[in-house]
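**Student:** could you look at this predicted model? Sequence included:
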Amino acid sequence: MIVTSPEEPVYARLNALGIAFTRHEHPPVATVDEAERHWAGIDAMHSKNLFLRNQKGTRHYLVIIRHSKRADLRAIADQIGDGKLSFASPERLIAHLGVTPGSVSPFGLIHDRAHAIVVVIDRELQSAERVSFHPNINTVTITIARSDFDQFLADCGNSVSYVTV
């Protein structure tokens, strides 16, 4: 099978899991500020997805927080029991999640066959009925039920922890 778009493997995985999703196309967006202009009418809790590493570069984290929150990396590091966190390089992002900056998404976990990425989720997302993410490309936003997101994460097999942001 020839993959023509980074989103196709995401849809294949969601379909294989029986997860329904709604797809919304928009111009390319690299930041939450740019994306907010295109989220009007999309009924879901939108998020900010950060790919981080510990100071030694030995552990990597995908941090998912509500889009309107500021990420306090020190507070997050304290809650997960790691030292100083910083943003991982674009090279690490591509190597671990198979995506480029601006397209960071939990759906990149389909490329983490070693299950090395630790997923860290803001507890507030647990109260959402629907959540939205890029399907590994920043020209589309898809929404799924939060319970289906939990199913997707379980299928990926990565360690998941919850923090208060």
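**Tutor:** In hand now; what should we look at? Numbering: from 1, shown residues only.
**Student:** run the chain-centre distance for the helix or strand bottoming out on mean pLDDT in the chain.
**Tutor:** Counting by mean pLDDT, DSSP states H and E, the weakest-scoring helix or strand in the chain turns out to be helix 32-36, with a mean of 83. Distance of helix 32-36 from its chain centroid, counting by CA atoms, centre = their mean, to the nearest Å, is 15 Å.
**Student:** just checking: what are the partner strands of whatever helix or strand comes next after it?
**Tutor:** Later in the chain than helix 32-36, the nearest helix or strand by DSSP states H and E is strand 45-54. If you go by DSSP bridges, strand 45-54 pairs up with strand 60-66 (antiparallel), strand 85-87 (antiparallel), strand 130-133 (parallel).
**Student:** out of these, which comes closest to residue 20?
**Tutor:** Taking CB to CB, strand 130-133 is the member of the strands paired with strand 45-54 nearest to residue 20, at 10.6 Å. For the C-beta atoms, the positions are set from N, CA and C on the backbone; glycine is no exception.
**Student:** what's in contact with the closest one?
**Tutor:** Identification of contacts with strand 130-133 by CB atoms under 8 Å, 6 or more residues apart in numbering yields 39, 42-47, 49, 105-107, 125, 141-146, 149.
**Student:** and residue 89, what does it touch?
**Tutor:** So residue 89 contacts nothing (CB under 8 Å, 6+ apart).
**Student:** kindly report the same for residue 153.
**Tutor:** Contacts of residue 153 were listed using CB under 8 Å, 6+ apart, and they are 106, 109, 119, 160.
**Student:** phi, psi of it?
**Tutor:** phi -60, psi -40 (degrees, to the nearest 10).
**Student:** as TSV, the strands paired with strand 45-54 with mean pLDDT, mean neighbour count and distance to residue 6 would be great.
**Tutor:** Supplementary listing: these in TSV, determined by pLDDT from 0 to 100; neighbours: other CB atoms under 10 Å; distance: least, CB to CB, whole Å:
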stretch	mean pLDDT	mean neighbour count	distance to residue 6
strand 60-66	97	22	16
strand 85-87	96	16	21
strand 130-133	96	22	13
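**Student:** which of the ones you listed sits closest to residue 22?
**Tutor:** Closest among these, once you apply CB to CB, is strand 130-133, at 8.5 Å.
**Student:** for residue 9, report the pLDDT, please.
**Tutor:** At residue 9, the pLDDT value in this model is 95.
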